[in-house]
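[1] got a structure for you, letters missing:
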């Protein structure tokens with residue numbers, strides 16, 4: 001569907017902006033910067049995900065990937081900004097960069113609380129950073145953007161899963177869950193931004209799927225190593241909770257298992273991020289925004305000039 005209108009809520013007031021766009025976005029979807037506030041001042045439990053050490057530390061370590069990861073995303077997209085001749089895509093790129101920068105800022109606050117509890121967030125972050133640094137050294141600009149597209153496919157797939165099957169977040173501290181659902185919404189919104197730039201830059205099918213395999217295997221491997229290290233330091237590695245946690249990831253309805261169709265879809269030659277399977281659409285975004293209005297400090301409502 002071509003995006004002919006965008007609908008946003010500002011302080012529960014509907015703002016409707018109509019415009020023509022060459023971007024293939026569902027109605028009601030626009031990449032939008034939101035400045036957020038989350039209630040981390042009072043802290044949260046070390047095992048904030050239903051008391052499970054495995055689930056909590058798995059998502060805690062994943063949070064540490066965002067500082068190096070989102071800097072990599074922003075840099076790789078900006079490096080190929082010159083190939084884009086669509087003003088709407090250029091403006092979307094600007095909003096994408098603002099979103100990613102704010103994701104980093106908010107996750108750093110979350111990470112700081114975990115660090116204060118003695119969790120080795122810096123060690124986890126360093127493992128992700130080393131992998132991305134190798135990518136910068138080995139790959140050229142187009143392939144780096146291919147890696148970004150692959151990881152954006154991972155994050156948007158997680159977002160679709162979270163909103164389609166909310167049981168994966170069952171038992172999570174509401175304050176922490178608010179952070180992750182906001183991040184998920186915005187990852188879903190900009191799922192096609194880097195993909196469109198990659199195609200404009202002449203990225204090939206081979207580059208795209210090669211980046212997918214390398215990137216997904218890397219993030220999964222590093223996440224498992226990080227989680228094992230954190231569990232071991234807590235004396236919680238060889239427990240039934242770890243066995244249950246592995247089932248949470250790899251069981252018949254596990255997080256990783258549910259992502260397999262998303263992974264395989266990327267291999268279709270005609271794949272595009274906004275297609276069947278993308279469950280976060282304009283209606284989901286609007287509903288989330290209304291429910292979470294208390295966390296939104298500032299909402300950058302779009303204008304025809306900005307879009």
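    Cool, the structure landed. For clarity, every value in this text was computed on a predicted model and none was experimentally measured.
[2] low pLDDT regions in the stretch 151-300 of the chain?
    Within the stretch 151-300 of the chain, the stretches with pLDDT under 70 are 276-277.
[3] quick one: the strands in it?
    296-299 (DSSP state E, counting those that start in this stretch).
[4] which residues in it form helices?
    Taking DSSP state H, counting those that start in this stretch as the criterion, the stretch 151-300 of the chain carries its helices at 174-189, 193-200, 205-233, 240-250, 255-265, 282-291.
[5] who's in contact with the spatially closest residue to residue 28 that is not a sequence neighbour?
    With C-beta to C-beta, 6 or more residues apart in numbering as the criterion, residue 28 has its nearest non-adjacent residue at 2.0 Å, and that residue is residue 282. Every residue, glycine included, has its C-beta placed from N, CA and C. For residue 282, the contacting residues are 7, 26, 27, 28, 29, by C-beta atoms under 8 Å, 6 or more residues apart in numbering.
[6] Name the member of the residues you listed with the most neighbours.
    Within these, most neighbours by other C-beta atoms under 10 Å means residue 29, with 26 neighbours.
[7] Now it: phi and psi?
    phi -110, psi 120 (degrees, to the nearest 10).
[8] Tabulate the contacts of residue 282 (TSV), appending secondary structure and pLDDT.
    Output for the contacts of residue 282, formatted as TSV (DSSP: H, G, I helix; E, B strand; the rest coil; pLDDT from 0 to 100):
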residue	secondary structure	pLDDT
7	strand	34
26	coil	89
27	coil	85
28	coil	86
29	coil	91
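[9] Pick out the most distant pair among the residues you listed.
    Farthest apart among the contacts of residue 282 by C-beta to C-beta are 7 and 26. That separation is 11.0 Å.
[10] got the contact list for residue 274?
    Applying C-beta under 8 Å, 6+ apart, we find residue 274 in contact with 24, 25, 26, 29, 191, 192.
[11] Among those residues, which one sits closest to residue 110?
    Using C-beta to C-beta, the contacts of residue 274 come closest to residue 110 at residue 191, 22.6 Å.
[12] first to last residue in stretch 137-145, what's the distance?
    13 Å (C-alpha to C-alpha, to the nearest Å).
[13] next one: that stretch to chain centre, how far?
    Remark: stretch 137-145 is offset 20 Å from the chain centroid, using C-alpha atoms, centre = their mean, to the nearest Å.
[14] What of stretch 53-66?
    From the chain centre to the centre of stretch 53-66 is a distance of 14 Å (C-alpha atoms, centre = their mean).
[15] before we move on, what about stretch 172-183?
    13 Å.
[16] cool, and stretch 265-274?
    With C-alpha atoms, centre = their mean as the basis, stretch 265-274 stands 18 Å off its chain's centre.
[17] go on, stretch 199-218?
    That offset, for stretch 199-218, works out to 17 Å (C-alpha atoms, centre = their mean).
[18] What residues does the residue nearest to the spatial centre of the chain make contact with?
    Central residue of the chain (C-alpha atoms, centre = their mean): residue 155, 3.7 Å from the mean position. Taking C-beta under 8 Å, 6+ apart, we find residue 155 in contact with 183, 184, 187.
[19] Give the PyMOL command for selecting the buried subset of the residues you listed.
    For the buried members of the contacts of residue 155, the matching PyMOL selection, counting by 16 or more other C-beta atoms under 10 Å, is:
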select buried, resi 183+184+187
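[20] related to what we said a few turns ago, pipe the contacts of residue 282 into a markdown table and attach distance to residue 173 per row.
    Output for those, formatted as a markdown table (distance: C-beta to C-beta, whole Å):
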| residue | distance to residue 173 |
| --- | --- |
| 7 | 31 |
| 26 | 31 |
| 27 | 34 |
| 28 | 30 |
| 29 | 29 |
